[in-house]
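Student: Sequence and computational prediction follow.
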Amino acid sequence: SFFNGFPLAGSTSISDAGNYYAAGSSAVHYRDNRFSLYFNSPATSGELATLVKTNPEVPYLTIVNEVEAANTQEDNAYIFSIPGSDHLIVRGNIPRSQRQFEIKGALHEPGKLLVLELEAALKTAGISVENKVLSPTEGSTLIYTTTSPPLKEIIAYMLRTSDNSYADCMVQQLGKNLNENGSFEGGEDAIQTYWGSRGMPNAEWRQDDGSGLSRANAIAAGQISYIIAASSKETREALKLGLKPMRGNTSILVKSGYISDVRAYAGFIDGMSGKYYAFSIIVNNHNQSASAMRRQIESLINEFQELL
């Protein structure tokens with residue numbers, strides 16, 4: 001494979017690994033490495049919901065359905081699977097009396113599905129397919145070339161949509177390009193080497209993945225602020241394309257993120273002096289609801305702005 005690392009960090013929580021936001025990295029990135037499951041739920045709480053279909057159809061998956069109906073308005077169903085396995089379990093509950101209720105999951109081996117769908121499309125078009133593996137240059141003819149969008153557009157999309165898979169892929173790509181090691185370890189080393197050469201203290205820096213899903217990550221808020229502030233003007237302008245105005249204050253651009261009991265914000269504050277300021281706030285192991293912590297952080301950021 002182009003990448004030699006694991007699609008997800010080994011420290012990723014098993015409760016995250018099968019869900020759409022933990023789709024991971026892969027040399028072949030197809031359908032954003034995710035798929036959807038659709039359920040019909042009965043009217044009675046505690047009864048088993050029916051798995052109606054998946055989109056796209058993934059014929060090689062074995063799906064164990066343990067999803068029940070509940071008196072709730074929320075999606076409390078989670079998918080348990082790991083990269084390399086075609087077996088997954090869907091467990092939890094969804095609202096009662098639903099039709100085609102969607103749950104999104106991680107597609108850990110997108111290349112396998114791509115091969116199946118490409119083969120089906122070729123056969124539909126009347127093109128015969130031989131089950132034979134060839135090297136990229138052996139008897140091959142180039143039929144099509146596509147190029148990616150500019151990197152700044154990819155980063156902006158990743159930030160706007162909080163696409164963890166894109167972040168994981170980019171860290172492994174950095175490792176491949178700069179260290180000939182397409183893994184999270186190779187990417188972390190490339191990042192630390194670059195920012196260390198630019199004066200950023202990195203003794204506290206530990207990065208197990210690109211997305212931040214791993215609880216083994218340890219990065220100081222000051223380091224994130226340093227990176228934003230020390231980036232080139234072109235890079236900062238590209239970052240702003242992916243940031244969103246903070247609730248109730250369009251002069252503050254932010255990217256927020258969270259995992260259980262952790263919430264983080266970073267971005268730019270348009271200060272009262274007319275200057276832009278980079279900032280980062282990370283709250284670990286808080287004991288409040290996510291919404292309460294969000295309100296407190298945003299209140300604190302507004303207070304910062306009044307001082308700048």
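Tutor: Cool, got the structure. Residues are numbered from 1 along each chain as shown.

Student: ok now do A266, which residues does it touch?
Tutor: By Cβ atoms under 8 Å, 6 or more residues apart in numbering, A266 lies in contact with 221, 224-225, 228, 254-255, 278-281. For the C-beta atoms, the positions are set from N, CA and C on the backbone; glycine is no exception.

Student: try 6 Å this time
Tutor: Residues near A266 by Cβ atoms under 6 Å, 6 or more residues apart in numbering: 224, 255, 280.

Student: now W205
Tutor: With Cβ under 6 Å, 6+ apart, W205 has these contacts: 192, 219.

Student: mind checking how far it is from T147?
Tutor: 33 Å (Cβ to Cβ, to the nearest Å).

Student: same question, V283
Tutor: 40 Å.

Student: likewise N285?
Tutor: From N285 over to T147 (counting by Cβ to Cβ), the distance is 44 Å.

Student: Give me the distance between the two termini of stretch 211-227.
Tutor: Terminal residues of stretch 211-227 are spaced 16 Å apart (Cα to Cα, to the nearest Å).

Student: What residues of that stretch count as buried?
Tutor: Neighbour counts using 16 or more other Cβ atoms under 10 Å place 211-215, 217, 219-220, 223-227 of stretch 211-227 among the buried residues.

Student: can I get those residues in CSV with distance to R31 and pLDDT?
Tutor: Formatted as CSV, these follow (distance: Cβ to Cβ, whole Å; pLDDT from 0 to 100):
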residue, distance to R31, pLDDT
S211, 18, 94
G212, 23, 93
L213, 20, 93
S214, 24, 93
R215, 28, 91
N217, 27, 93
I219, 30, 92
A220, 36, 93
Q223, 34, 94
I224, 31, 94
S225, 36, 94
Y226, 36, 94
I227, 31, 93
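
Student: Cross those residues against strands and list the overlap.
Tutor: Among the buried residues of stretch 211-227, none falls in strands (DSSP state E).

Student: Which strands and helices lie in contact with the helix or strand harbouring W195?
Tutor: Counting by DSSP states H and E, the element that carries W195 is helix 184-197. Under the contact criterion of 3 or more Cβ pairs under 6 Å, 6 or more residues apart in numbering; DSSP states H and E, helix 184-197 touches helix 164-179.

Student: If anything else comes up later, I'll come back, but that's it for now.
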